[in-house]
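S.K.: turn this into a model:
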Amino acid sequence: MAHDKVRALLAAHCEELAERGLHIGDWAEAMSFLAMIGVRRFDHYARYWTDPTPMKGPQPFDEGARFEEIRSLYEAERDLSEAMMAGLRRAEVGLRAQFALHFEAVSGSPRLLVPEAAEDGAPNRSPAEVRMPWPAIMNDLARSKEPHIVSRRRQALEEDWSDRTWQRFLIAETVDTLTFGTLARCIEQAYGSGVSESLEDALGTPRGYLKSQVRALVYLRNRGAHLARLWNHTCTRSPELAGEDLHAASRYRVFVAHSVYEHLLVISVLLRQLGCCEDWLGSTVEPLLEAHPALALGITHPYKYGQ
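M.R.: Predicted structure coming up:
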């Protein structure tokens, strides 16, 4: 039966780990854990307990390496990832709402980037000259399954609107439909129109910092959404942060640029600026890191395999 073959595969992998020197206290629990997260995912963490010097063949585990220790690290990281995604969701909702409000305030129109004639003869103050990621915006609107968006698309077909029908969507409903990546591009490209500058002033963010912070959050959100490893991961971006925010975070622990901890600080800063949480880093992240020092080390000072 397939079930027996699956158990045989898991048992064989546990035997291979034990032959390489990994101590496994409870084989039944180890097999159950590997069945839950996958053999390859476990190896991404376990390799940091191995000797990288052999050029060929399997790397032997360090003396004293224990399966339970690696499992504990993985589970602690998953708790951190869930807390991270919860914080990201709150920050994302706030950014969407604030961007829509400031865009409408600057453009003087409730519709998204309307370059057409203003209603009621009012002067058209829409920042139409701003380069926006139109293909990405239209693609998000075309893929949306939200009933009100689907209804507007259907109405556009029935009434034979122009090919710029998407411009008739309200700012708020369009911004809520965009992916977070498209929203980040909108914020970045809205610089120069007064929209992103107005948003930064409202948040108290130094000029030009917000675009790098939002790009960093998009990167972090993608890793969280794909359940990618956070521990000992070096982020490709290093967001710009105000000196007082870096100083406040240093009260908890030292961290390096491009670390996941630096990106978690961005979430904390935005949640404070949006009025969601005064100190998310201290109240949510720090208790998780204090409970697991090995996790904290890889989150604040990521090391590459072999270092």
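
S.K.: which element follows the longest helix seen in the chain toward the C-terminus?
M.R.: Longest helix in the chain by number of residues (criterion: DSSP state H): helix 67-107. Note on helix 67-107: by DSSP states H and E, the next helix or strand toward the C-terminus is helix 134-143.

S.K.: one step back: distance between the longest helix of the chain and the chain's centre?
M.R.: Helix 67-107 has its C-alpha centroid displaced from the chain centroid by 6 Å (CA atoms, centre = their mean, to the nearest Å).

S.K.: find the centremost residue of the chain, please.
M.R.: In the chain, the C-alpha nearest the mean C-alpha coordinate belongs to residue 221, at 1.4 Å (CA atoms, centre = their mean).

S.K.: in a helix, that's where that residue is, yeah?
M.R.: Yes - the assignment for residue 221 by DSSP: H, G, I helix; E, B strand; the rest coil puts it in a helix.

S.K.: ok, it - contacts?
M.R.: When contacts are counted by CB atoms under 8 Å, 6 or more residues apart in numbering, residue 221 touches 85, 88, 92, 180. Bear in mind the C-beta positions are built from the backbone N, C-alpha and C, glycine included.

S.K.: where's it relative to residue 31, distance?
M.R.: 33 Å (CB to CB, to the nearest Å).

S.K.: phi and psi next, for residue 50.
M.R.: phi -110, psi 160 (degrees, to the nearest 10).

S.K.: go ahead and confirm it touches residue 44.
M.R.: No - counting by CB atoms under 8 Å, residue 50 stays clear of residue 44, with 11.8 Å between them.

S.K.: who has more neighbours out of these two?
M.R.: residue 50 (20 against 16; other CB atoms under 10 Å).

S.K.: confidence score at the more buried one?
M.R.: You'll see residue 50 listed with a pLDDT of 93.

S.K.: measure it to residue 228 for me?
M.R.: 21 Å.

S.K.: before we move on, what about residue 109?
M.R.: In terms of CB to CB, residue 109 sits 40 Å off from residue 228.

S.K.: so between those two, which is more surrounded?
M.R.: Counted by other CB under 10 Å, residue 109 and residue 228 do not tie: residue 109 has more neighbours, with 20 against 13.
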